[in-house]
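Visitor: The following comprises the amino acid sequence and a computationally predicted model.
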Amino acid sequence: MSYQQSKYQLLKSLEQDAKLTQRQLSSELGMSLGKVNYCLKNLVNKGFVKVNNFKNNKNKRQYAYLLTSKGIEEKTKLTIEFLKTKTQEYEVLKEEVERIMSK
(Lines give C-alpha, C1' and ligand atoms only; values in the text may rest on other atoms or scores of the structure.)
Protein backbone atom coordinates (compact mmCIF):
# COMPACT_ATOMS: atom_id res chain seq x y z
CA MET A 1 0.00 0.00 0.00
CA SER A 2 1.46 3.35 -1.04
CA TYR A 3 1.77 6.27 1.36
CA GLN A 4 -1.07 8.07 -0.47
CA GLN A 5 -3.35 5.04 -0.04
CA SER A 6 -2.35 4.72 3.61
CA LYS A 7 -3.05 8.41 4.20
CA TYR A 8 -6.45 8.09 2.50
CA GLN A 9 -7.39 5.00 4.53
CA LEU A 10 -6.32 6.63 7.80
CA LEU A 11 -8.22 9.85 7.11
CA LYS A 12 -11.30 7.86 6.09
CA SER A 13 -11.19 5.69 9.23
CA LEU A 14 -10.59 8.65 11.56
CA GLU A 15 -13.42 10.60 9.99
CA GLN A 16 -15.74 7.70 10.86
CA ASP A 17 -14.37 7.16 14.39
CA ALA A 18 -11.93 9.63 15.95
CA LYS A 19 -11.50 7.42 19.04
CA LEU A 20 -9.82 4.51 17.24
CA THR A 21 -6.50 3.59 18.80
CA GLN A 22 -3.38 3.10 16.73
CA ARG A 23 -3.63 -0.65 17.39
CA GLN A 24 -7.24 -0.70 16.16
CA LEU A 25 -6.26 1.27 13.05
CA SER A 26 -3.38 -1.11 12.45
CA SER A 27 -5.67 -4.12 12.66
CA GLU A 28 -8.52 -2.56 10.67
CA LEU A 29 -6.31 -1.31 7.84
CA GLY A 30 -3.84 -4.20 7.72
CA MET A 31 -0.87 -1.90 8.40
CA SER A 32 1.91 -2.35 10.89
CA LEU A 33 1.60 -0.38 14.11
CA GLY A 34 4.82 1.45 13.21
CA LYS A 35 3.41 2.52 9.84
CA VAL A 36 0.20 3.79 11.46
CA ASN A 37 2.25 5.75 13.99
CA TYR A 38 4.51 7.20 11.28
CA CYS A 39 1.58 8.19 9.05
CA LEU A 40 -0.40 9.72 11.93
CA LYS A 41 2.58 11.81 13.03
CA ASN A 42 2.95 13.00 9.43
CA LEU A 43 -0.77 13.86 9.20
CA VAL A 44 -0.58 15.78 12.49
CA ASN A 45 2.57 17.66 11.37
CA LYS A 46 0.86 18.66 8.11
CA GLY A 47 -2.18 19.94 10.01
CA PHE A 48 -4.62 17.34 8.64
CA VAL A 49 -5.31 15.75 12.04
CA LYS A 50 -5.53 17.24 15.51
CA VAL A 51 -4.81 15.07 18.55
CA ASN A 52 -6.91 15.45 21.68
CA ASN A 53 -6.39 13.63 24.96
CA PHE A 54 -9.44 12.47 26.91
CA LYS A 55 -9.00 14.53 30.08
CA ASN A 56 -11.62 12.67 32.13
CA ASN A 57 -10.45 9.22 31.09
CA LYS A 58 -8.47 7.06 33.53
CA ASN A 59 -6.33 5.91 30.59
CA LYS A 60 -4.35 9.11 29.93
CA ARG A 61 -2.76 7.51 26.85
CA GLN A 62 -6.02 7.39 24.90
CA TYR A 63 -6.41 10.03 22.23
CA ALA A 64 -8.98 11.26 19.75
CA TYR A 65 -7.68 11.93 16.25
CA LEU A 66 -9.84 14.68 14.80
CA LEU A 67 -9.74 15.69 11.15
CA THR A 68 -9.17 19.39 10.67
CA SER A 69 -10.80 21.33 7.85
CA LYS A 70 -7.48 20.97 6.02
CA GLY A 71 -7.65 17.20 6.66
CA ILE A 72 -11.18 16.97 5.26
CA GLU A 73 -10.03 18.86 2.17
CA GLU A 74 -7.06 16.49 1.76
CA LYS A 75 -9.32 13.44 2.18
CA THR A 76 -11.61 14.81 -0.53
CA LYS A 77 -8.65 15.24 -2.92
CA LEU A 78 -7.40 11.74 -2.11
CA THR A 79 -10.90 10.31 -2.66
CA ILE A 80 -11.04 11.87 -6.12
CA GLU A 81 -7.57 10.49 -6.96
CA PHE A 82 -8.57 7.06 -5.61
CA LEU A 83 -11.74 7.01 -7.74
CA LYS A 84 -9.85 8.09 -10.85
CA THR A 85 -7.32 5.31 -10.35
CA LYS A 86 -10.00 2.68 -9.77
CA THR A 87 -11.95 3.88 -12.84
CA GLN A 88 -8.81 3.59 -14.98
CA GLU A 89 -8.14 0.09 -13.62
CA TYR A 90 -11.74 -0.88 -14.38
CA GLU A 91 -11.48 0.38 -17.96
CA VAL A 92 -8.26 -1.59 -18.55
CA LEU A 93 -9.83 -4.77 -17.16
CA LYS A 94 -13.02 -4.22 -19.14
CA GLU A 95 -11.03 -3.88 -22.38
CA GLU A 96 -9.06 -7.00 -21.56
CA VAL A 97 -12.22 -9.01 -20.88
CA GLU A 98 -13.78 -7.75 -24.13
CA ARG A 99 -10.63 -8.70 -26.02
CA ILE A 100 -10.61 -12.20 -24.53
CA MET A 101 -14.35 -12.68 -25.13
CA SER A 102 -14.09 -11.64 -28.78
CA LYS A 103 -11.63 -14.45 -29.58
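Guide: Now that the structure is in, tell me what you want to look at.

Visitor: Averaged pLDDT, the longest helix along the chain. What do you get?
Guide: In the chain, taking DSSP state H as the definition, the longest helix is helix 69-101. Regarding helix 69-101, the rounded mean pLDDT is 93.

Visitor: and that helix, what other elements does it pack with?
Guide: helix 3-16 (3 or more C-beta pairs under 8 Å, 6 or more residues apart in numbering; DSSP states H and E). All C-beta spots, glycine's among them, are computed from the backbone N, C-alpha and C.

Visitor: How far does the next helix or strand after the helix it packs on sit from its chain's centre?
Guide: Sequence-wise, the next helix or strand downstream of helix 3-16 (DSSP states H and E) is helix 22-29. Relative to its chain's centre, helix 22-29 lies at 11 Å (C-alpha atoms, centre = their mean, to the nearest Å).

Visitor: Helix 22-29 to helix 3-16, inter-axis angle?
Guide: 110 degrees (axes from the mean of the first three to the mean of the last three C-alpha atoms, to 10 degrees).

Visitor: In terms of secondary structure, what does helix 22-29 contact?
Guide: Helix 22-29 packs on helix 3-16, helix 33-45, going by 3+ C-beta pairs under 8 Å, 6+ apart.

Visitor: if we can go back for a sec, run the angle between the longest helix of the chain and helix 3-16 for me.
Guide: Computed by the same axes, to 10 degrees, the angle between helix 69-101 and helix 3-16 is 120 degrees.

Visitor: In helix 69-101, which residues are buried?
Guide: Across helix 69-101, burial judged by 16 or more other C-beta atoms under 10 Å covers G71, E74, K75, L78, F82.
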